[in-house]
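>>> return a 3D structure for these sequence lines:
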Amino acid sequence: MTQAVPTAAKKYLQNGISLVLLVLIAPMVVWWDLSRPTGLVAPLEITISPGMTAYDIGALLKEKGLIRNATVFAWAARLHGQSEDLEAGIYLLKGTLTTPDILRELLRAPLQLKRVTIPEGLASPQIGLLLQQNGLADSARFVTLVHDRNFTRKLGIDAPSLEGYLFPQTYMFNRTTTEEEIIRRMLEEFDKVFTGSFYARLDSLKLSLNQALTVASIVEREAVVQKERALIAGVFLARLERSMMLESCPTVEYAMGYHKEHLENADLEIDSPYNTYKYPGLPPGPIANPGQASIQATLFPAKTDYLYFVARGDGTHVFSHTNEQHEAAKRAIRNGARL
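Numbering: from 1, shown residues only. You can find the predicted model right below:
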């Protein structure tokens, strides 16, 4: 005859089994959380504020998708006696790191990173000013380095300056990064964009790298809407083939050193090799730092018979085949006609 197990004993047995299972499974869960990255690839900027505990930091990391479990992160920090060593600061972390790797990254000196976006079409003095306003560089030193031929040659750039090679992008710079390091970083981004297929196009267009970037910089300053970039590039290249003056207002502004909403006839007489109303061919170098879209438009221009264009005032242009058509378009726009 089988004796029934008392209820109290059964409950005790069940609790014991649960405890054993917990003891066996918990390390597996912890190991899974510690050893498996979340899979997030894009780097994220994490700001740890003063007074945050290990669990607070873990909760922040979990919220950002960098770790799986805030409690496991806090346990790991305490287990290694590091929970009090986590410092306030700004960090750049990837989700491809495991929890222990992230903990190690946080134990290093905080990366006092500053995000700065360099828009397309800025010249080096404007970039230098933007960097200075963000506390990242001395504008004068930045511009001096850009135009330092010794520094340019040292970086392997066969050009009068680094104007045109400073790739517009959103960057994360350490506040202690030097002007030299900032420039090198921008050139690295340029090299990522201007790859083999782009270099192959230079021979087809019979342009040097510096000449192509010069055209691209003019396209960048002239074009407003994306669909016109390749067409504007085609017009300038067609004018060069016919030995026509480029007559680009942005090149005059570069010679003047400042932007002017409407150029006057006297402005077009400024004596500078960058004045394409006065001097034939391309300027000595780029007048700005073009983005990928303008570089690509220059290397793969639209085939066109247009030789002229004038701005409508809404970001688009009227394109013409002859100077007579061009002058008529300018008069019509001045008189308020919608072309």
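
>>> which stretches of the stretch 201-339 of the chain form helices?
Counting by DSSP state H, counting those that start in this stretch, the stretch 201-339 of the chain has helices at residues 209-222, 229-241, 249-256, 292-299, 323-334.

>>> make TSV from the ones you listed and add distance to residue 263 to it.
Any C-beta I mention is one placed from the backbone N, CA and C, and that applies to glycine too. Output for these, formatted as TSV (distance: least, C-beta to C-beta, whole Å):
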stretch	distance to residue 263
helix 209-222	13
helix 229-241	18
helix 249-256	5
helix 292-299	21
helix 323-334	13
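
>>> would you list those in CSV and tack on mean neighbour count?
Below are the helices of the stretch 201-339 of the chain laid out as CSV (neighbours: other C-beta atoms under 10 Å):
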stretch, mean neighbour count
helix 209-222, 25
helix 229-241, 22
helix 249-256, 21
helix 292-299, 23
helix 323-334, 14
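
>>> quick one, which of these is nearest to residue 193?
helix 292-299 (5.1 Å; C-beta to C-beta).

>>> now the closest one: average pLDDT?
Taken as a whole, helix 292-299 carries a mean pLDDT of 98.

>>> which residues sit against that helix?
Helix 292-299 is touched from outside by 120, 193-194, 198, 201-202, 205, 212-213, 215-217, 219-220, 223, 226, 229-230, 232-233, 237, 290, with contacts defined as C-beta atoms under 8 Å, 6 or more residues apart in numbering.

>>> lowest-confidence helix or strand of this structure?
helix 7-35 (a mean of 46; mean pLDDT, DSSP states H and E).

>>> next structured bit after it?
Toward the C-terminus, helix 7-35 is succeeded by strand 44-48 as the next helix or strand (DSSP states H and E).

>>> can you name every helix or strand that that following strand contacts?
helix 54-63, strand 89-93 (3 or more C-beta pairs under 8 Å, 6 or more residues apart in numbering; DSSP states H and E).

>>> out of the ones you listed, deepest packed?
helix 54-63 (a mean of 19; mean count of other C-beta atoms under 10 Å).

>>> any idea how far that helix is from the middle of the chain?
29 Å (C-alpha atoms, centre = their mean, to the nearest Å).

>>> state the mean pLDDT of it.
92.

>>> check stretch 81-96 too.
80.

>>> repeat for stretch 204-223
pLDDT averaged over stretch 204-223 gives 97.

>>> and for stretch 134-146?
96.

>>> can you dump the C-alpha atoms of it in PDB for me?
Output of stretch 134-146 as PDB, limited to C-alpha atoms (Å, rounded to 0.1, in the frame of the first residue of the first chain):
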ATOM      1  CA  ASN A 134      32.000  73.800 -31.300                       C
ATOM      2  CA  GLY A 135      35.200  74.000 -29.300                       C
ATOM      3  CA  LEU A 136      37.100  71.600 -31.400                       C
ATOM      4  CA  ALA A 137      39.700  73.600 -33.300                       C
ATOM      5  CA  ASP A 138      41.400  76.900 -33.700                       C
ATOM      6  CA  SER A 139      40.000  78.300 -37.000                       C
ATOM      7  CA  ALA A 140      43.100  80.100 -38.000                       C
ATOM      8  CA  ARG A 141      45.400  77.100 -37.500                       C
ATOM      9  CA  PHE A 142      42.900  74.800 -39.300                       C
ATOM     10  CA  VAL A 143      42.900  77.000 -42.400                       C
ATOM     11  CA  THR A 144      46.600  77.500 -42.300                       C
ATOM     12  CA  LEU A 145      47.100  73.700 -42.300                       C
ATOM     13  CA  VAL A 146      44.700  73.300 -45.200                       C
END
